[in-house]
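Enquirer: Below is the sequence, then the predicted model.
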Amino acid sequence: MSVEHASAHLIDSYARGGGEIAAAEVWALEAHLEACRVCRDRLSAAVTTGVPAVAALVHAVRSDLEPLLSATATMPRRRRRPAWLTKWSTPMAAPWPAMVLSVTLLALLLDLAGYGTGAAPVPLVLLLAPVLPVLGVAASWSRGLDPAYELTASTPRAGLPLVLRRTASVLAVVFPVLLAGGWTTGVTVAQCLLPCLAFTSTTLALGGVIGVTRAAAALITVWAAVVLAPALATSRIPVALDRNGLPVWALILTLATGVVIARRGAYAVLGAHR
């Protein structure tokens, strides 16, 4: 396969500071430079020949730092994470999917043990299915849990693609357990899947305005007060989770997904980490 490289004009303009290039082209070029050694070498040559002052400054800084670096004790080599795992999650977010899985398994055990007092107690797995993935999504895109959040939000690959990758990594962990728990307790796949996806997409849509973490906290609080608590008190399946309400969940999923796509630029700023 042939690789399409950046044009000479674009490389030269970027080497001179990028003032002539549109912001979208700058981001695209920087993303391309991450993976293309040929264009990085061309950029290095362009800086050396076209902007000698910058090349001289870099050389001077390197000359001053080399003696200091050689005299500094090296840090012990740490175990590297796989590259694909780094792109799809953060190290600090790992405990949250584990916590979500633990809560799901606990809810399943309570369902199997017959926790309810009514004739047909509502399954806890069904009540928790919409909100459990939201905890992992909020953790994977949280300023407090990502020490490199400023760097993450400012890189060319930040924004909606990164949000969706991290969300998919959480759903990939949670979905199998939720579906298995729903099948064990007699809940249909649609009853688990649609509310779960709709709640997650609504969290992302609202997160583009007030921050993903705040959106998750607000939606979980509303769900606990309006749906979870009354369902546990009456031992009845709430109307929101009845099979007749599945088209409404599908509509919410569609609308929230549309909002996420329409506001995709909001996830490239630091406010989404709140």
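Expert: Done, it's in.

Enquirer: For residue 216, report the pLDDT, please.
Expert: What the model reports as pLDDT for residue 216 is 85.

Enquirer: for the helix or strand containing residue 208, which positions count as buried?
Expert: Secondary structure assigned from DSSP states H and E places residue 208 in helix 189-210. Buried residues in helix 189-210, counted by 16 or more other C-beta atoms under 10 Å: 191-208. To be clear about C-beta, it is placed using only N, CA and C from the backbone, and glycine gets the same treatment.

Enquirer: Residue 11 contacts residue 39, doesn't it?
Expert: Yes: using C-beta atoms under 8 Å, residue 11 makes contact with residue 39 at a distance of 6.7 Å.

Enquirer: what's the spacing between the helix ranked longest in the chain and its chain's center?
Expert: Criterion DSSP state H: the longest helix present in the chain is helix 160-185. Relative to its chain's centre, helix 160-185 lies at 12 Å (C-alpha atoms, centre = their mean, to the nearest Å).

Enquirer: returning to that earlier point: show the subsequent helix or strand relative to the helix holding residue 208.
Expert: Scanning forward in sequence from helix 189-210 by DSSP H and E, the next helix or strand is helix 212-223.

Enquirer: distance between stretch 216-229 and the chain's centre?
Expert: On the basis of C-alpha atoms, centre = their mean, stretch 216-229 is displaced by 22 Å from the centre of the chain it belongs to.

Enquirer: and it, how far apart are its ends?
Expert: End-to-end span of stretch 216-229 (C-alpha to C-alpha, to the nearest Å): 18 Å.

Enquirer: Buried residues, that stretch. List them.
Expert: 216-217, 219-220, 223, 227-228.

Enquirer: average model confidence for the longest helix of the chain?
Expert: Averaged across helix 160-185, pLDDT comes to 77.

Enquirer: counting contacts, what elements does that helix pack onto?
Expert: helix 83-88, helix 95-113, helix 124-128, helix 132-140, helix 189-210 (3 or more C-beta pairs under 8 Å, 6 or more residues apart in numbering; DSSP states H and E).
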